[in-house]
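Q: have a look at this prediction, sequence included:
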Amino acid sequence: MGMPPLTLHLKGSLHPPHPWMVSLSFIKPSRGLSRGDWMGGRKRRRKVVKRVPRRVPKVFNCPSCDSRSVTVELDDKRGVAFIHCGTCGLQAEIEVPKVFEVVHAFNKFVDLYYEGKIGGPR
């Protein structure tokens, strides 16, 4: 790429310009060059924003006491999930398909709790 056009900006009146009254500047080109390509600037890399993948939680909120203390353990051999709240003592053992993950078992537990099929704390 070539240099942008050079222009003279005269300060003062119609008298012959003195060296300290003349300023040389580059006009920013309208296309083709980025900010780093003119006026002695250097090109800078754009910041790459990394998206953090969301992970499946290991501890859930209790539907009974609303504390973040429900743990879920899956027994894949028997097809059973053990759910236990460490704060209020609510616990359940529910049957789940082998393809279920921890979050699916917890959601099934919450559904059963709100349907009234799982009682309060023991």
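A: That came through, no problem.

Q: Y113 should be in a helix, yeah?
A: Yes. With DSSP: H, G, I helix; E, B strand; the rest coil as the criterion, Y113 is part of a helix.

Q: give me the pLDDT value at G119.
A: Looking at G119, its pLDDT reads 74.

Q: H18 too?
A: 58.

Q: then stretch 82-97 to CSV, C-alphas only?
A: What follows is stretch 82-97 as a C-alpha-only set of coordinates in CSV (Å, rounded to 0.1, in the frame of the first residue of the first chain):
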residue,chain,number,x,y,z
PHE,A,82,-29.9,-41.2,45.5
ILE,A,83,-30.9,-37.6,46.3
HIS,A,84,-30.1,-36.1,49.6
CYS,A,85,-30.3,-32.5,51.1
GLY,A,86,-27.6,-31.9,53.6
THR,A,87,-29.5,-29.1,55.3
CYS,A,88,-33.1,-30.2,55.9
GLY,A,89,-32.6,-34.0,55.4
LEU,A,90,-34.9,-34.5,52.5
GLN,A,91,-33.9,-37.6,50.7
ALA,A,92,-35.2,-39.9,48.0
GLU,A,93,-34.3,-42.9,45.9
ILE,A,94,-35.8,-42.8,42.5
GLU,A,95,-35.6,-45.1,39.4
VAL,A,96,-33.9,-43.4,36.4
PRO,A,97,-33.0,-44.7,33.0
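
Q: ok, P63 - contacts?
A: By CB atoms under 8 Å, 6 or more residues apart in numbering, the contact set of P63 is 90, 110, 113-114. In this view, the C-beta of every residue, glycine as well, is placed from N, C-alpha and C.

Q: of those residues, buried ones?
A: 90, 110, 113 (16 or more other CB atoms under 10 Å).

Q: with adjacent residues omitted, what lies nearest to the second one?
A: When you say that, I think you mean V110. If the residues on either side of it in the chain are set aside, V110 comes closest to P63, at 5.2 Å by CB to CB, 6 or more residues apart in numbering.

Q: measure the one you found to E101 for me?
A: For P63, the distance to E101 (CB to CB, to the nearest Å) stands at 19 Å.

Q: one more: D66?
A: Taking CB to CB, one finds D66 at 23 Å from E101.
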